[in-house]
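Asks: Provided below are the primary sequence and the corresponding predicted coordinates.
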Amino acid sequence: MVWPDKAALLGFVRGGNFTDEVPKDFEAPAEHPQCQRRVASVDPTRRSDFMSTRTDDPDRAIHLALLPFRLTG
């Protein structure tokens, strides 16, 4: 069994309505040509998950977690 590679992307939101901004700002991974699918999330304002493939090894999966953070101050 091949375990998927794992990666995390931290997204920082400054200003605006956090709940409205997060879905708009974090659609880029879903639009990437290597993205295979978006994994269902209970609350996308807390975390979004995607399954992608590697350019050098298309048979190996990458599990990408997007974690949004609100910047204040």
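Replies: Arrived safely.

Asks: Would you double-check that residue 24 falls in a helix?
Replies: Yes: with the criterion set as DSSP: H, G, I helix; E, B strand; the rest coil, the secondary structure at residue 24 is a helix.

Asks: residues near it, how many?
Replies: 9 (other Cβ atoms under 10 Å). All C-beta atoms are positioned from the backbone trio N, CA, C, and that covers glycine.

Asks: who are the neighbours in contact with it?
Replies: Applying Cβ atoms under 8 Å, 6 or more residues apart in numbering to residue 24 gives no contacts.

Asks: gap between it and residue 64?
Replies: Between residue 24 and residue 64 the computed distance is 18 Å (Cβ to Cβ, to the nearest Å).

Asks: just residue 21 next, same as before
Replies: Applying Cβ to Cβ to residue 21 and residue 64 gives a distance of 19 Å.

Asks: swap in residue 32?
Replies: Applying Cβ to Cβ, one obtains 9 Å for the distance of residue 32 from residue 64.

Asks: which neighbours do those two share?
Replies: Residues within reach of residue 32 and of residue 64 at once, by Cβ under 8 Å, 6+ apart, are residue 52.

Asks: Looking at the two, which one has more neighbours?
Replies: Neighbours were counted for residue 32 and for residue 64 using other Cβ under 10 Å; residue 64 has more, 22 against 12.

Asks: Verify the contact between the more buried one and residue 7 for me.
Replies: Yes: counting by Cβ atoms under 8 Å, a contact exists between residue 64 and residue 7, whose distance comes to 5.1 Å.

Asks: And the helices in this structure?
Replies: Counting by DSSP state H, the chain forms helices over residues 18-25, 28-31, given from the N-terminal end onward.

Asks: Give me whichever of the ones you listed is most buried.
Replies: For these, the largest average neighbour count (mean count of other Cβ atoms under 10 Å) is found in helix 18-25, namely a mean of 14.

Asks: Quick check: mean pLDDT of that helix?
Replies: Along helix 18-25, the predicted confidence averages to a pLDDT of 80.

Asks: mind checking how far it is from the chain centre?
Replies: Between the centre of helix 18-25 and the centre of its chain there are 13 Å (Cα atoms, centre = their mean, to the nearest Å).
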